[in-house]
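Visitor: turn this into a model:
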Amino acid sequence: MIKVVKTVAVLLLVFMTSGFRIQGTSTGLQEPTRLVNEGGGDWQTVSLENEEFSMATPVQPSVLTRLGEYASVVGHGNVQEERTYSGYTDGFVFVLESYKTSGHGKLLKYLVHSYHMQPIKEVNLNGSIGTLYQSEHKDCVVQHFFFVTPKHCYLLTLASRDANHPAIARFLASFKLGSNRSDLGRLVPKRENVSIASNIDLGLVLKINEVTRKAGIVCKPEAQYTELARKNGVKGTVTLKAIFDTSGKVFVPEVVEGLKDGLTEEAIEAAKNIRFLPAEKDGKPVTVQVQIEYNFDLY
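Guide: Purely as a prediction, here's the structure:
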């Protein structure tokens, strides 16, 4: 019998448990992207080869990529490739999930279940017809837009504490599906590579019970099972001490409990790419310490 590998990530927090998205971790994106400056601020329009979208972003997006047979594990259906482009700035989170698939029905069902999404209405976003969904989150507003193109399915997620955050309208006005422009410059989207030994001042890090508004998780990647760990039948839990910074980054200063064959490294990579709205104390963003567990099992 063929063993199927599945990992489950558990965030040991008392804040926001609904709407977590479980997805694959990545290797770096190899294909070049195209970039052009937008008027005002640091916003830039990013358009990628082998994709069917362009979007203006306030920060350079990070990229997670997953290929191969994982679709049968997590219930996506026939997905050959998944990429997630995401970033955070000034109280605004954007996440674009790109799925290369031959059928979107099972994928959409999986996404609706994973995010606890409720359909709101059909939308026409810059000429592209899709569906607007919402998911329940405490103390923040999260919108999802689902689109189907000839080669991809796209799930666009935008989140903020304020439903009228100006970045939401600006992002939506820029997002376009279809052929990418050929007159843009080149850019390779960054990969989160924060060192496990960060320079963050631990004296300024608060505990969960010291904040007045807890961090809001928008996107929580799954840790990928390595081929070596699969071959050796490694199972168990990786426990990480993590810090959610006010910049929207996750630092991992300590591995509480690790696993061999690359599973600890995969858990750290997944944790670094969690997207969240920072915790607050008395109305101001603060840095908090949390504990994260990634459970690795063979089924």
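Visitor: C-alpha from now on. contacts and neighbour counts both.
Guide: Noted.
Visitor: low-confidence bits of this protein, can you list those?
Guide: 1-41, 68-77, 180-200, 202-203, 299 (pLDDT under 70).
Visitor: the residue nearest in space to the middle of it pairs with what?
Guide: With distances taken as C-alpha atoms, centre = their mean, Cys219 lies nearest the centre of the chain, 4.1 Å away. Beta-bridge partners for Cys219, by DSSP bridges, are Arg275.
Visitor: output stretch 290-299 as CSV, nothing but the C-alphas.
Guide: Extracted C-alpha coordinates of stretch 290-299, given in CSV (Å, rounded to 0.1, in the frame of the first residue of the first chain):
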residue,chain,number,x,y,z
VAL,A,290,3.6,32.7,20.6
GLN,A,291,4.2,28.9,20.4
ILE,A,292,3.6,27.0,17.2
GLU,A,293,3.4,23.3,16.6
TYR,A,294,3.7,21.4,13.3
ASN,A,295,2.5,17.8,13.5
PHE,A,296,4.0,15.4,10.9
ASP,A,297,2.1,12.2,10.3
LEU,A,298,2.0,9.4,7.7
TYR,A,299,-1.4,8.2,6.6
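Visitor: if we can go back for a sec, the residue nearest to the centre of the chain against Lys272, yeah?
Guide: No. When contacts are counted by C-alpha atoms under 8 Å, Cys219 is not listed as touching Lys272 (11.2 Å).
Visitor: excluding its backbone neighbours, what's nearest Ala167?
Guide: Phe92 (6.8 Å; C-alpha to C-alpha, 6 or more residues apart in numbering).
Visitor: over to Glu97: give its phi and psi.
Guide: phi -100, psi 130 (degrees, to the nearest 10).
Visitor: ok, it to Leu158 distance?
Guide: According to C-alpha to C-alpha, to the nearest Å, Glu97 and Leu158 sit 12 Å apart.
Visitor: related to what we said a few turns ago, ok, the residue nearest to Ala167 - contacts?
Guide: 158-161, 165, 167-168, 277 (C-alpha atoms under 8 Å, 6 or more residues apart in numbering).
Visitor: list the contacts of Val112.
Guide: Counted by C-alpha under 8 Å, 6+ apart, Val112 has contacts Gln118.
Visitor: correct me if wrong: Gln236 contacts Asp261.
Guide: No, residue 236 isn't Gln; it's Gly. No. With contacts counted by C-alpha under 8 Å, Gly236 stays clear of Asp261, the gap being 11.9 Å.
Visitor: distance of Ala223 from Thr246?
Guide: According to C-alpha to C-alpha, Ala223 and Thr246 sit 23 Å apart.
Visitor: just want to know which of the two has more residues nearby.
Guide: Ala223 (28 against 21; other C-alpha atoms under 10 Å).
Visitor: ramachandran coordinates for the more buried one?
Guide: According to degrees, to the nearest 10, Ala223 has phi -90, psi 130.
Visitor: distance of it from Val238?
Guide: 10 Å.
Visitor: between those two, which contacts overlap?
Guide: 263, 267, 294.
Visitor: filter these down to just the ones in helices.
Guide: 263, 267 (DSSP state H).
Visitor: of the shared contacts of Ala223 and Val238, which is the nearest to Glu49?
Guide: The shortest approach to Glu49 among these belongs to Ala267, at 28.7 Å (C-alpha to C-alpha).
Visitor: beta partners of Thr239?
Guide: The partner residues for Thr239, given DSSP bridges, come to Glu257, Glu293.
Visitor: gap between Lys220 and Val95?
Guide: Lys220 is 11 Å from Val95, where distance means C-alpha to C-alpha.
Visitor: check Asp282 too.
Guide: From Asp282 to Val95 the distance is 28 Å (C-alpha to C-alpha).
Visitor: same thing with Val288?
Guide: Relative to Val95, and taking C-alpha to C-alpha, Val288 is found at 22 Å.
Visitor: in terms of neighbours, single out the busier of those two.
Guide: Val288 (25 against 22).
Visitor: wait, what's in contact with the more buried one?
Guide: 205-208, 243-245, 279.
Visitor: one more time with 10 Å, if that's ok
Guide: Contacts for Val288 (C-alpha atoms under 10 Å, 6 or more residues apart in numbering) come out as 202, 204-211, 214-215, 242-246, 250, 278-280.
Visitor: how far away is it from Ile217?
Guide: Distance from Val288 to Ile217, by C-alpha to C-alpha: 13 Å.
Visitor: likewise Leu96?
Guide: If you go by C-alpha to C-alpha, the gap between Leu96 and Ile217 works out to 15 Å.
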